[in-house]
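Novice: what would the 3D arrangement of this be:
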Amino acid sequence: MKNLNPRAIAFYISLVVAVAATLVVAATRTMQFSNWMSCFILFAAVLALSYFLFYYALETFIYRKIKLVYKTIHNLKLNRFTKDILGKSLRSEDPLTDVQVEVQQWAEDSHKEIEGLKKAEQYRKEFLSNLSHEFKTPLFSIQGYVHTLLDGAMEDGEVNRHFLEKTAGSIERLCNLVNDLEEIAKLESGEEQLDMVTFDMYSLTKDVFEEMEYKANTHGMHFTIKKGCERPFYVSADKDKVRQVMVNLLDNSIKYGNENGNTIVSFYDMAENILIEVTDDGIGISEEHLPRLFERFYRIDKSRSREQGGTGLGLAIVKHLIEAHGQTINVRSKVGVGSTFGFTLLKSVEN
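Specialist: So this is what the prediction gives:
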C-alpha cells in the first residue's frame, strides 16, 4: 500500500463509496433493488462516477501541484532559472517517490554544505586570530625596544646595540611573514607559474645540504643521504620550488631536532614517480596534530615555534608547492622517535 498513485487512491475511495451507497440504497428501498442485477448496476455506476470525480480532483488539485514542487526542487538543485522550471518533464510517473528522494537528497546535501560552511567560518576565524597574533608579537616588541631607547637607553652604547639587534630581529620576522603570505597568495590564486625542467634530486639535495650546513652545525645536526641512494634520481619539476621545499623541510628538522641529531634524506623509485623522504630523529609529533600539520599558522608548540623564528607558514607553503606539481605530500611521526615527511615528484630521464 506504499506510494499509491492517484488512480489507485481514487479506485479504493470509489470502491468504499460504491459499496456504502449500494448498501444504503438496498436497505432503504428493498422493493426496487430486490434483485442482484439492480444492485450490481447501481454499484458499477457509483464506482465509475466516484472514480472519475476523485481521480480528477486528485490529479488536478493535488498531484499536479506536487509535480510542480518536485520540478522546482529538481531544477533548483541543478541551478536552472525559474523560467525553465515549468518546461521540464519529470523523470517518472511517480512524483511522490521522486519528491521524497529529492527532498532527502537535498536535505543531506544542505546539511553537508552547512557543515562545510561552519568549518570554513571556524577556519577563517582561527586564521584571522593567528594572523593578528603573528603580526602583533613582533610589532609590540619593536614598539617596546624603541620606547626603551627613547626613554634613555640610547645613551648606553651596550644597551643601545642590544635593543637595536632585537629590533632588527623582529623586523626580519615581519618581513619573512609578509613574504610567506605573499607566496601562499600567489600559489592559491594560480599566479605562480612553474618552470618545469629535468634535474637530479640527489645533486639538488647535496646543494641544499651545503647551503644549510652552517645552520645545521650551530645546532649540532648532521645531514646525510641514505645508503644506497647516492646516485642520480631525475625528476621533472620546478627546480627552485623543489629547492624551497627541501629548505623548509630541512629547516624544520633543525628547529625540532635534538642536539647532535640526524636528518636523513632518501629516494625511492616508484615507477612513474620518485618518492623523496626527509627523516629526522627529533622530538616527533603526536598523532592528534598530524591531520592539521599543513594548515596555515597551525603550531604544535607555539612558544618553541616562535622562539625558533618560524612564521607558521613553512609547511603550508610546502604542501601548496607539491600540490602545484600535481603530486602529494604526507607525514608520519611518533613522539620521541622522530618524523618523516615524504613527497613525490614526476620521474624523468636525463636529457
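Novice: for the stretch 51-200 of the chain, just list every one of the helices.
Specialist: Secondary structure of the stretch 51-200 of the chain (DSSP state H, counting those that start in this stretch): helices at 64-77, 82-85, 95-150, 157-189.
Novice: for the last one, packing partners?
Specialist: What that stands for is helix 157-189. helix 95-150, helix 314-324 (3 or more C-beta pairs under 8 Å, 6 or more residues apart in numbering; DSSP states H and E). Glycine gets a C-beta too; all of them are placed from N, C-alpha and C.
Novice: what is the rounded mean pLDDT of it?
Specialist: Along helix 157-189, the predicted confidence averages to a pLDDT of 83.
Novice: now it and helix 314-324, what's the angle there?
Specialist: Angle between the axes of helix 157-189 and helix 314-324 is 30 degrees (criterion: axes from the mean of the first three to the mean of the last three C-alpha atoms, to 10 degrees).
Novice: go through helix 157-189 and flag the buried ones.
Specialist: 163, 167, 170, 173, 174, 176, 177, 180, 181, 183, 184, 187 (16 or more other C-beta atoms under 10 Å).
Novice: next up, the contacts around the third one.
Specialist: If I follow you right, that is residue 170. Residue 170 makes contact with 138, 139, 141, 142, 145, according to C-beta atoms under 8 Å, 6 or more residues apart in numbering.
Novice: one more time with 6 Å, if that's ok
Specialist: Contacts for residue 170 were tallied using C-beta atoms under 6 Å, 6 or more residues apart in numbering; they are 138, 141, 142.
Novice: what is the burial count for the first one?
Specialist: Using other C-beta atoms under 10 Å, residue 138 has 20 other residues around it.
Novice: run through the protein and note the low-pLDDT ranges.
Specialist: Within the chain, the stretches with pLDDT under 70 are 1-3, 29-35, 73-99, 301-310, 350-351.
Novice: nearest to residue 57, of the helices of the stretch 51-200 of the chain?
Specialist: Smallest distance to residue 57 across the helices of the stretch 51-200 of the chain (C-beta to C-beta): 11.1 Å, for helix 64-77.
Novice: distance-wise, check residue 348 relative to residue 103.
Specialist: Computed as C-beta to C-beta, to the nearest Å, the residue 348 to residue 103 distance reads 52 Å.
Novice: and the two? Which one has more around it.
Specialist: Between residue 348 and residue 103, counting by other C-beta under 10 Å, residue 348 is the more crowded of the two (17 against 13).
Novice: the more buried one and residue 234 touch, don't they?
Specialist: Yes: between residue 348 and residue 234 there is a contact under C-beta atoms under 6 Å: 4.7 Å.
Novice: identify the contacts common to the two.
Specialist: Listed contacts common to residue 348 and residue 234 are residue 198; contacts here mean C-beta under 6 Å, 6+ apart.
Novice: what residues does residue 327 make contact with?
Specialist: Counted by C-beta under 6 Å, 6+ apart, residue 327 has contacts 344, 345.
Novice: how about CSV for the buried residues of helix 157-189, with distance to residue 300 added?
Specialist: As requested, the buried residues of helix 157-189 are exported to CSV (distance: C-beta to C-beta, whole Å):
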residue, distance to residue 300
163, 31
167, 28
170, 23
173, 19
174, 23
176, 19
177, 19
180, 18
181, 21
183, 22
184, 20
187, 23
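Novice: I'd like the next helix or strand past the helix or strand in which residue 209 is found.
Specialist: Assigned by DSSP states H and E, residue 209 belongs to helix 201-211. Next helix or strand after helix 201-211 toward the C-terminus (DSSP H and E): helix 213-218.
Novice: which residues pair with residue 268 across the strands?
Specialist: Beta bridges link residue 268 to residue 275, judged by DSSP bridges.
Novice: test my guess that it contacts residue 276.
Specialist: No: the pair residue 268 / residue 276 is not scored as a contact, 8.0 Å apart, by C-beta under 6 Å.
Novice: between these two, which is the more surrounded one?
Specialist: residue 276 (28 against 14).
Novice: which among the contacts of residue 170 gets closest to residue 23?
Specialist: Nearest member of the contacts of residue 170 to residue 23, counting by C-beta to C-beta, is residue 138, at 93.4 Å.
Novice: what's near enough to touch that closest one?
Specialist: Residue 138 sits next to 170, 173, 174 when contact means C-beta under 6 Å, 6+ apart.
Novice: mind putting the residues you listed into TSV with distance to residue 295?
Specialist: Below are the contacts of residue 138 laid out as TSV (distance: C-beta to C-beta, whole Å):
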residue	distance to residue 295
170	25
173	20
174	21
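Novice: among those residues, which one sits closest to residue 205?
Specialist: In terms of C-beta to C-beta, no member of the contacts of residue 138 lies closer to residue 205 than residue 173, at 27.7 Å.
Novice: in three-state terms, label residue 223 for me.
Specialist: Here residue 223 is recorded as strand under DSSP: H, G, I helix; E, B strand; the rest coil.
Novice: quick check, residue 283 in a helix?
Specialist: No: secondary structure of residue 283 (three-state DSSP): coil, not part of a helix.
Novice: can you give me the distance of the nearest residue to it once chain neighbours are set aside to residue 317?
Specialist: The shortest distance from residue 283 to any residue other than its chain neighbours is 5.5 Å, reached at residue 256 (C-beta to C-beta, 6 or more residues apart in numbering). For residue 256, the distance to residue 317 (C-beta to C-beta) stands at 17 Å.
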